[in-house]
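Student: Next comes the sequence, and after it the predicted model I'd like to discuss.
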Amino acid sequence: MARPIRRTIAFAITGMLAARSGAACSRMTPVPSPETLVNKAALVVVATAADYWRVPAANGTDGIVEFEITETLKGVRPSTMLRLAGTLTDKDDFNDRPAPYTFIRPDGRHGNCFATSYRKGGSFLLLLQPSTDGRNTPSEPFRPNLTPFWEALAPTNEQVHGPDDSWIAWVRRRLAP
């Protein structure tokens, strides 16, 4: 009789641990300040989500989103196009906090701690760094391998309301000499 009870308890504990691993993500340290994020970004651009290819990507998404860069705020852009792991959607996902943003948009507040969906035709402010951990697709057609997935729960790929958006305006002021 004791053995079935132990087995039941072991299954219950295993189930609770598995359920916890599927919960919302968290950080051990605070999300860096907006100032720190902008300072650490190698490239800051405003870009429009333009196209999509369905291919397995390293960050758990099922595709690659191509962006047309419309403005470079910091760094040297590699070309007029940029490709990032992610998916296209027909839904907007604007940050629900005031700029400067101190936390990620709603799509990134669950799952793997990163917002990975982009509205087709939507405009995004992207704070990018070279990818070193495989979070973006590292294959040759997608080089240089830049990623917004370098700081969990941080606003590094936010949808914006166009060139006069308050988040873009704040970043421009921060980068002004």
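Tutor: Noted; the coordinates are in hand. Predicted model, so just to flag it, every value in this text is computed and none were measured.
Student: could you pull out the helices for the protein?
Tutor: Along the chain, counting by DSSP state H, helices occupy 2-21, 34-40, 166-175.
Student: CA atoms only for stretch 165-173, dumped as CSV, please.
Tutor: C-alpha atoms of stretch 165-173 as CSV (Å, rounded to 0.1, in the frame of the first residue of the first chain):
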residue,chain,number,x,y,z
ASP,A,165,6.2,57.8,-31.6
SER,A,166,7.2,58.7,-28.0
TRP,A,167,9.6,55.8,-27.6
ILE,A,168,11.4,56.7,-30.8
ALA,A,169,11.5,60.4,-29.7
TRP,A,170,13.0,59.4,-26.3
VAL,A,171,15.7,57.2,-28.0
ARG,A,172,16.5,60.0,-30.4
ARG,A,173,17.0,62.4,-27.5
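Student: How about it, which residues are buried there?
Tutor: The neighbour-count check on stretch 165-173 (16 or more other CB atoms under 10 Å) flags 165, 167-168, 170-171 as buried. From N, CA and C alone the C-beta is placed, and that goes for glycine too.
Student: How far off centre is it?
Tutor: Put simply, stretch 165-173 sits 18 Å off its chain's centre (CA atoms, centre = their mean, to the nearest Å).
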